[in-house]
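>>> what follows is a predicted protein model with its sequence.
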Amino acid sequence: MLDKKSLLRIYEQMLRMRLFELKATELFGQGLVTGSMHLYIGQEAIAATTGELLRITDTITSTHRGHGHCIAKGGKTNRMMAELLGRKTGYCSGKGGSMHLADFTMGNLGANGMVGGGLAISVGAAITNAVMKKNDSVTICFFGEGATNEGVFHESLNLASVWKLPVIFLCENNLYQVFTSVKESLSVEDVSVRATSYNMPGITCDGNDVFELYEVLGKAIERARKGEGPTLLEAKTYRWEGHYTGDGYAKGGYRSLEELEGWKTKDPITRLAKYMTENKMATSGLLDKIYADLKDEMEKAAQFAIESPWPDDEDLYKDVFYVREA
Amino acid sequence: MAVIRYSQAIRDAIAEEMRRDKDIFVMGEDVETMGGVFACTKGILEEFGHDRIRNTPISEAIIVGAGIGGALTGTKMLVEIQYVDFILHAMDQVINQAAKVRYMTGGKAQVPLVIRAQQGSGRGNGAQHSQNLEAIFCHMPGLKVVMPSNPYDAKGLLKTAIRDNNPVMFFEHKVLYNTTGEVPDGQYTIPFGKADIKREGKDVTIVATSWMVLKAMEAAKMLEEQGIDAEVIDPRTLVPLDKETIVNSVKKTGRAVIVHEAHRVCGIGAEIAFVISELAFDYLDAPVERVTSAQTPTPYSKKLEQLTVPSPERIVAAVKEVL
């Protein structure tokens, strides 16, 4: 049930994702984060609601836009920030960066730099759970609509369906693949209709609506736990900041400012805050306190990352192969 | 000791390991039905059931990719790619995912994944069913590369591969499946990175891989008749490579010929030749020679195919070049 406690947890997690990325953007601007950083701002409802529904024994595969997914699966923001800064204390000892955040102890099988990279991996995780261990754990496979045009999407959904594997294919359709609109790249308006080809349920929902997400995701997870097979869910959403940090074209270039402003009025965080205050589930004082605490958490995460040591020179050569300890 | 076929050795290794370890899962195209195109998994379904071995669709990316996902979550994944040529459908999975995930996660991930595939020409299968792709995988950090040339090695090395918690490319050879050899009755494994000296000799070192080991042994016999004493070395695993055995042999003979069936340019022969020049340059009495397939796709016509694959005669001629 989506009770007050759940809603507050989802709210806090969404805000944690948002503030983490705002802090990371600041550090990126200072040159402390390198490479590309793909922001999840605007899409937080999807990961936060998923996190609320999952057990620690469930697994996820994530994407290049994966900070939110990592937080949803229990990721600690200080270790995430340290990873973004390439430090030894990061989740991947500084060797992965933003696009490879992973924490196997929490069931996060990793973000991925390849579009569609998590699809096949999620199917494998489901084989371990359903065929080998015969437990009722499920795997949530996050991907964008762009990944549904990759060949591995087809192979993954086909096998998951043939073997009735417990995977929820969760497509975050944010309407653009890098700078190109879905209108130019997708043969269908709703990705969910592609489920028909794989003989599995396909559902489209509002990806900025926690309540709707909770309901459709909950059903898909339940179905998977019962051994009834995979589902393709499509959550329609929008990435405010464009493809990556500093994507100037996203604001008045390949996307109009009107479109962007329109989506900002559907901000999942503001929506949930409004719902909770209007329904007397939270006072504005409580929400202010959550905000202040999270701001403080991000300051501390940044401090932790900045003060953390760099990897050692010899770390360059470590971890290529697993070596059995004597 | 029993004399068995190479394909039987593969089958025995899989069955023995699956009895020993309940976490092993096998999948690939047609692996249940008839044990696959080369019958290497025949009988596995009957003994272990559908939850330990499964046929897959013709979907190489998901075969390898689900292998990675299974491996990351504790299953020992043994996947089969029917012809190595088909793995080109799955290169993102092999190179971007399997090879890198451990490093990218700072050593958190373990990937107990064996990718079995058979390669090579010799059966008139044409350009897309006859390739030797080992060098591509040797180039990528994070993959081990194994190329057994006989039943004994095939069994012992496959068992080691299955017990390894790293992705292993295990390349069998379609021509070798029907060859026979002695295999001990009891359990054994062969460590990676240990070359096998197939024949000792003092005049020249021939390093050969997979099917080419058989050709090199024939060449050595022909050379012997001409009073030339060749040493034949089978590296058995290319990653890790047993540089020591190769270099020690060259230090003794002063001459080296490398034989592989893969194309010449950037083949493993180039790497081995460099290892020799780096570590045994002062001992060399002649430039290192290579005998390889031509730098062309593999032709279908039997006549042309025989022309491209290194023959004992060509190996003998190369040896004479370095003498």
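Looks like it came in fine.

>>> ok now stretch B:270-278, how far from the chain's centre?
Mean-position distance between stretch B:270-278 and its chain equals 19 Å (C-alpha atoms, centre = their mean, to the nearest Å).

>>> let me redo that: stretch B:262-269
On C-alpha atoms, centre = their mean, the centre of stretch B:262-269 falls 14 Å from the chain's centre.

>>> endpoints of that stretch, how far apart?
Stretch B:262-269 has an end-to-end distance of 9 Å (C-alpha to C-alpha, to the nearest Å).

>>> tell me the buried residues in that stretch?
Neighbour counts over stretch B:262-269 (16 or more other C-beta atoms under 10 Å in any protein chain shown) mark B:262, B:263, B:267, B:268, B:269 as buried. For every residue, glycine as well, the C-beta is placed using N, CA and C.

>>> my guess is the third one contacts residue B:291. True?
No - the pair residue B:267 / residue B:291 is not scored as a contact, 10.7 Å apart, by C-beta atoms under 8 Å.

>>> can you give me the helices for the stretch 51-200 of chain A?
Taking DSSP state H, counting those that start in this stretch as the test, the helices found in the stretch 51-200 of chain A are A:67-72, A:77-84, A:117-126, A:151-162, A:182-185.

>>> can you check the stretch 201-323 of chain B too?
Using DSSP H, counting those that start in this stretch, the helices of the stretch 201-323 of chain B run over B:211-225, B:243-253, B:268-280, B:302-308, B:312-322.

>>> what's the host helix or strand of residue B:11 packed up against?
Counting by DSSP states H and E, the element that carries residue B:11 is helix B:6-20. For helix B:6-20, the packing partners by 3 or more C-beta pairs under 8 Å, 6 or more residues apart in numbering or on different chains; DSSP states H and E come out as strand B:24-28, helix B:44-48, helix B:151-163, strand B:180-183.

>>> make it 10 Å
For helix B:6-20, the packing partners by 3 or more C-beta pairs under 10 Å, 6 or more residues apart in numbering or on different chains; DSSP states H and E come out as strand B:2-5, strand B:24-28, helix B:44-48, strand B:76-81, strand B:113-119, helix B:151-163, strand B:168-173, strand B:180-183.

>>> pipe those into TSV and attach distance to chain A, mean neighbour count and mean pLDDT per row.
Listed next are the helices and strands packed on helix B:6-20 as TSV, based on distance: least, C-beta to the nearest C-beta, whole Å; neighbours: other C-beta atoms under 10 Å in any protein chain shown; pLDDT from 0 to 100:
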stretch	distance to chain A	mean neighbour count	mean pLDDT
strand B:2-5	29	14	98
strand B:24-28	6	24	98
helix B:44-48	12	16	97
strand B:76-81	7	28	98
strand B:113-119	9	26	98
helix B:151-163	9	24	98
strand B:168-173	10	27	98
strand B:180-183	25	17	98
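
>>> and residue A:253, which of those is closest to it?
Shortest distance between residue A:253 and the helices and strands packed on helix B:6-20, using C-beta to C-beta, is found for strand B:113-119: 42.6 Å.

>>> just give me the residue closest to the centre of the chain.
You didn't say which chain, so I picked chain A. Taking C-alpha atoms, centre = their mean, the centroid of chain A lies closest to residue A:69, which sits 3.0 Å from it.

>>> how close does that residue get to chain B?
Distance, residue A:69 to chain B, by C-beta to the nearest C-beta, to the nearest Å: 15 Å.

>>> close to chain A: what parts of the stretch 201-323 of chain B are there?
With the criterion set to C-beta under 10 Å from any C-beta of the partner chain, the stretch 201-323 of chain B comes near chain A through B:239, B:240.

>>> report the closest residue of the stretch 201-323 of chain B relative to chain A.
Nearest residue of the stretch 201-323 of chain B to chain A (C-beta to the nearest C-beta) works out as residue B:240 at 8.9 Å.

>>> how about that residue, nearest residue that isn't a chain neighbour?
Nearest residue to residue B:240, sequence neighbours excluded (C-beta to C-beta, 6 or more residues apart in numbering or on different chains): residue B:193, at 3.7 Å.

>>> quick check: that neighbour touching residue B:144?
Yes - between residue B:193 and residue B:144 there is a contact under C-beta atoms under 10 Å: 9.1 Å.

>>> now for these two: what residues contact both?
Common contact partners of residue B:193 and residue B:144 (C-beta atoms under 10 Å, 6 or more residues apart in numbering or on different chains): B:237, B:238, B:239, B:240.

>>> and for the last one, the neighbour number?
Counted with other C-beta atoms under 10 Å in any protein chain shown, the neighbours of residue B:240 add up to 14.

>>> need the contact list for it.
If you count contacts by C-beta under 10 Å, 6+ apart, then residue B:240 has A:321, B:144, B:145, B:191, B:192, B:193, B:194 around it.

>>> angles on the backbone of it, please.
Dihedral pair for residue B:240: phi -80, psi 150, per degrees, to the nearest 10.

>>> gap between it and residue B:141?
Counting by C-beta to C-beta, to the nearest Å, the gap from residue B:240 to residue B:141 is 12 Å.

>>> name the helix or strand for residue B:165, please.
Assessed by DSSP H and E, residue B:165 sits outside every helix and strand.

>>> so what's it up against?
With contact taken as C-beta under 10 Å, 6+ apart, residue B:165 is in contact with A:321, A:322, A:323, A:324, B:71, B:76, B:102, B:109, B:110, B:111, B:112, B:113.

>>> who's in contact with the closest residue to chain B within the stretch 201-326 of chain A?
The minimum distance from the stretch 201-326 of chain A to chain B, using C-beta to the nearest C-beta, falls at residue A:319 (3.6 Å). Residues near residue A:319 by C-beta under 10 Å, 6+ apart: A:92, A:93, A:95, B:102, B:103, B:104, B:105, B:106, B:107, B:108, B:109, B:142.

>>> how about 7 Å then?
Shown in contact with residue A:319 (C-beta atoms under 7 Å, 6 or more residues apart in numbering or on different chains): A:95, B:102, B:103, B:106, B:107.

>>> kindly report the same for residue A:36.
Counting by C-beta under 7 Å, 6+ apart, the residues that residue A:36 touches are residue A:244.
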